[in-house]
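A.B. asks: predicted model follows, preceded by the sequence.
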Amino acid sequence: MTQVSGAAGSLRTWQRRALTKYLASKPRDFLAVATPGAGKTTFALRVAAELLADRTVDQITVVAPTEHLKHQWSQAAARVGISLDSRFSNSTGQTSSDYHGVVVTYAQIASHPFKHRVRTENRRTLVILDEIHHGGDAKSWGEAVREAFDGATRRLALTGTPFRSDDSAIPFVTYEPDSEGLPRSKADHSYGYADALADGVVRPVVFLAYSGEARWRDSAGEEYTARLGEPLSAEHTARAWRTALDPNGDWIPAVLHAADTRLGQLRAGGVPDAGGLVIATDQTTARAYADLLETLHGERPALVLSDDPLSSQRISEFSSNTQKWMVAVRMVSEGVDVPRLAVGVYATSASTPLYFAQAIGRFVRARRTGETASVFLPSVPVLLDLASQLERQRDHILGKPHREKDGFDDDLLADANKQKDEPGEDENAYTSLGADAELDQVIYDGSSFGTATFAGSDEEADYLGLPGLLDADQMRALLRDRQSKQIEERTAVGQNQVRPQAVAERAATADRLAELRRELNGLVAMHHHRTGKPHGVIHGDLRRECGGPPTAVATAEQLTDRIASLRRF
């Protein structure tokens, strides 16, 4: 077995402090909570190197959430002289003596905890539990982790998000009573997003929230209209949200077009390898979003699906090349390290604080001073709240579910998408009729900037064209300036003052496009009633016949051609 030097690698300030605390106290259990992108892996491997060097332990076992992260851990360990077998299988149960240890998933542990217990007890073992909150994902997982590693010599738990939405205690985590007497998780060392932002370890994030009018029909044939982002019932919020994310509608193509414009600005303005990630709700919509992006800029995005055996390879290839976009479901939401990701589209219905923080964590890893990440998301109250409180430190509290605090429950969202008008009714009877897209607001550093403006307008372009290399003060000043100009311009309009010709032309263009989209959508609805064809199919037929991009980003001439085509029927 290769000898490991405890001096390998340079450490950031927080990592040195955590390491000093660890080596001084020599704890059996240690929980390090550090924001995504801060370098938890580097810290853990330094601890492992120290413990192997002084023979406190003989072997390492790393437990990771996914197959891809197993290989990522193995590669990171190899760079500091630690050999970990990421292809270890339960069926074999052994690995070469050339390795310092193995990397397994929580699912592997849960399928055969006793086998891992024997491995752990046979030799002095350091167990690194990456994203330890997964130990509370299911009762069986938590019990398996305890069974397998109760006899470990040392246990090092890592997480960027210790909070959970349930009352399952996380294994090997200490809980202490808080001010309300409820058990609260206690970290041995914490390094939050605000601290990392101040140290320049992570990038700041600009959130661009898009609202719009959503339209849908229920199983009884009744049609509804609601504005995304306005106070609505949980059911209507869920339906409006789902309608916006429908790949056959207008909202998501408009937002993808805006995100692609923003990515192009970053690549042309000093970050030539900047990449984008669309996080989809399921595999079907992920494929549809990939088709839309290919239509927008002509390049097929990397598509990462959980049932594809090449998914891990696709992520690695995307990380090292200069491809513009990657589309994924949940595989890239946690732990995956792709430092060049700078633009994200949060096109999923997941809304728990844990999932949101992990997803946004894919975009915050800093590479050089001034880089800023941009994340596009639906203007839904729960997401806006999470975006504005990104810097808030959270813990896992037992007996007080976080979903109650956050004001929206993912289960409500799923339930609202089901038809309940009649017992046993098919949940797929819900029909999306489309949604317009409108830039509602920009959130930065916990503050909201800008006023609502149509997708495709020059006002939207002002925000999409923000420089990609700005420090926090420059970004804040620029956003305030853009907001002031918007308000001044609109105040002048309200007071009937004479506007510059360019302003009048922009307003006329936006109004004309909105009018044509409404007319086209109305004709599509009439055609649907006559033929029974779904709205998305009709729009697709029109695009094939007349050419051009999705309705949301089509020109006035293209919309007019489609309207004329429908009127001929």
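C.D. replies: All right, it came through fine. Numbers count the residues shown, from 1 in each chain.
A.B. asks: where in the stretch 101-250 of the chain is pLDDT low?
C.D. replies: Low-confidence segments of the stretch 101-250 of the chain (pLDDT under 70): 136-139, 162-167.
A.B. asks: walk me through the domains of the chain.
C.D. replies: Annotated domains of the chain cover 13-197, 203-445+460-468, 506-567 [automatic domain parsing].
A.B. asks: any idea how far the shortest one is from the chain center?
C.D. replies: When distances are taken as C-alpha atoms, centre = their mean, to the nearest Å, domain 506-567 is centred 31 Å away from the chain's centroid.
A.B. asks: before we move on, what about the second one?
C.D. replies: Averaging C-alpha coordinates over domain 203-445+460-468 and over its chain gives two centres that are 7 Å apart (C-alpha atoms, centre = their mean).
A.B. asks: straight-line length of that domain, end to end?
C.D. replies: End-to-end distance for domain 203-445+460-468, by C-alpha to C-alpha, to the nearest Å: 11 Å.
A.B. asks: check which residues of stretch 377-386 are buried.
C.D. replies: 377-384, 386 (16 or more other C-beta atoms under 10 Å). (C-beta placed from N, C-alpha, C; glycine too.)
A.B. asks: that stretch - what's its average pLDDT?
C.D. replies: The pLDDT scores in stretch 377-386 average 89.
A.B. asks: CA atoms of it as PDB?
C.D. replies: In PDB, the C-alpha atoms belonging to stretch 377-386 read as follows (Å, rounded to 0.1, in the frame of the first residue of the first chain):
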ATOM      1  CA  LEU A 377     -36.500  30.200 -11.700                       C
ATOM      2  CA  PRO A 378     -40.300  30.400 -11.600                       C
ATOM      3  CA  SER A 379     -41.600  33.400  -9.600                       C
ATOM      4  CA  VAL A 380     -43.200  31.200  -6.900                       C
ATOM      5  CA  PRO A 381     -43.300  32.500  -3.300                       C
ATOM      6  CA  VAL A 382     -41.500  29.500  -1.700                       C
ATOM      7  CA  LEU A 383     -38.700  29.700  -4.200                       C
ATOM      8  CA  LEU A 384     -38.300  33.500  -3.900                       C
ATOM      9  CA  ASP A 385     -38.100  33.100  -0.100                       C
ATOM     10  CA  LEU A 386     -35.400  30.400  -0.400                       C
END
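A.B. asks: need the contact partners of that stretch.
C.D. replies: Stretch 377-386 is contacted from outside by 207-211, 228-229, 231, 237, 241, 244-245, 345-346, 351, 353, 356-357, 387, 406-408, 440-441, 443, using C-beta atoms under 8 Å, 6 or more residues apart in numbering.
A.B. asks: give me the buried entries from the residues you listed.
C.D. replies: Buried among those (16+ other C-beta under 10 Å): 207-211, 228-229, 237, 241, 244-245, 345-346, 351, 353, 356-357, 387, 406, 408, 440-441, 443.
A.B. asks: got a markdown table for the domains of the chain, with distance to residue 477 too?
C.D. replies: Putting the domains of the chain into a markdown table (distance: least, C-beta to C-beta, whole Å) gives the following:
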| stretch | distance to residue 477 |
| --- | --- |
| domain 13-197 | 17 |
| domain 203-445+460-468 | 11 |
| domain 506-567 | 24 |
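A.B. asks: closest to residue 475 out of those domains?
C.D. replies: Each of the domains of the chain has some distance to residue 475 by C-beta to C-beta; the shortest is domain 203-445+460-468, at 6.2 Å.
A.B. asks: one step back: among the contacts of stretch 377-386, which ones are in strands?
C.D. replies: Per DSSP state E, strands hold the following members of the contacts of stretch 377-386: 207-211, 228, 345-346, 440-441, 443.
A.B. asks: could you identify the most distant pair in the residues you listed?
C.D. replies: Greatest spatial distance in those: 345 and 441, 16.5 Å, computed using C-beta to C-beta.
A.B. asks: buried stuff in the helix or strand harbouring residue 289?
C.D. replies: Residue 289 is part of helix 283-297, with elements assigned from DSSP states H and E. Residues of helix 283-297 classed as buried: 285-286, 288-290, 292-293, 295-297 (neighbour count, 16+ other C-beta under 10 Å).
A.B. asks: rewinding a little: so which of the domains of the chain is nearest residue 474?
C.D. replies: Between residue 474 and the domains of the chain, the shortest gap by C-beta to C-beta is with domain 203-445+460-468, which sits at 8.1 Å.
A.B. asks: identify the residues contacting residue 337.
C.D. replies: Contacts for residue 337 (C-beta under 8 Å, 6+ apart) come out as 72, 319, 365.
A.B. asks: now it: how far from residue 41?
C.D. replies: 8 Å (C-beta to C-beta, to the nearest Å).
A.B. asks: what of residue 468?
C.D. replies: 27 Å.
A.B. asks: work out for me the element residue 170 sits within.
C.D. replies: Counting by DSSP H and E, residue 170 is part of no helix or strand.
A.B. asks: right, and it touches residue 132 too?
C.D. replies: Yes. Residue 170 is within contact range of residue 132, at 5.8 Å (criterion: C-beta atoms under 8 Å).
A.B. asks: who has more neighbours out of these two?
C.D. replies: residue 132 (27 against 24; other C-beta atoms under 10 Å).
A.B. asks: can you give me the strands in the stretch 401-550 of the chain?
C.D. replies: Ranges of strands within the stretch 401-550 of the chain are 431-435, 438-444, 447-449, 453-454, based on DSSP state E, counting those that start in this stretch.
A.B. asks: between those strands, which one is nearest to residue 187?
C.D. replies: Nearest of these (C-beta to C-beta): strand 438-444, 27.1 Å.
A.B. asks: so residue 97 versus residue 261, what's the distance?
C.D. replies: 55 Å.
A.B. asks: who has more neighbours out of the two?
C.D. replies: Between residue 97 and residue 261, counted using other C-beta under 10 Å, the more crowded position is residue 261 (18 against 7).
A.B. asks: check which helix or strand covers the more buried one.
C.D. replies: Per DSSP H and E: helix 251-268 holds residue 261.
A.B. asks: tell me which other helices or strands that helix touches.
C.D. replies: Helix 251-268 is packed against strand 205-217, helix 234-244, strand 275-280, helix 283-297, strand 341-347, strand 373-378, helix 458-464, with contacts defined by 3 or more C-beta pairs under 8 Å, 6 or more residues apart in numbering; DSSP states H and E.
A.B. asks: to residue 476, which of these lies closest?
C.D. replies: Closest of the helices and strands packed on helix 251-268 to residue 476 is strand 205-217, at 10.4 Å (criterion: C-beta to C-beta).
A.B. asks: so residue 75 sits in a helix?
C.D. replies: Yes. Counting by DSSP: H, G, I helix; E, B strand; the rest coil, residue 75 is part of a helix.
A.B. asks: identify the residues contacting it.
C.D. replies: Per C-beta under 8 Å, 6+ apart, neighbours of residue 75: none.
A.B. asks: distance of it from residue 326?
C.D. replies: 19 Å.
A.B. asks: with residue 276 instead?
C.D. replies: Distance from residue 276 to residue 326, counting by C-beta to C-beta: 7 Å.
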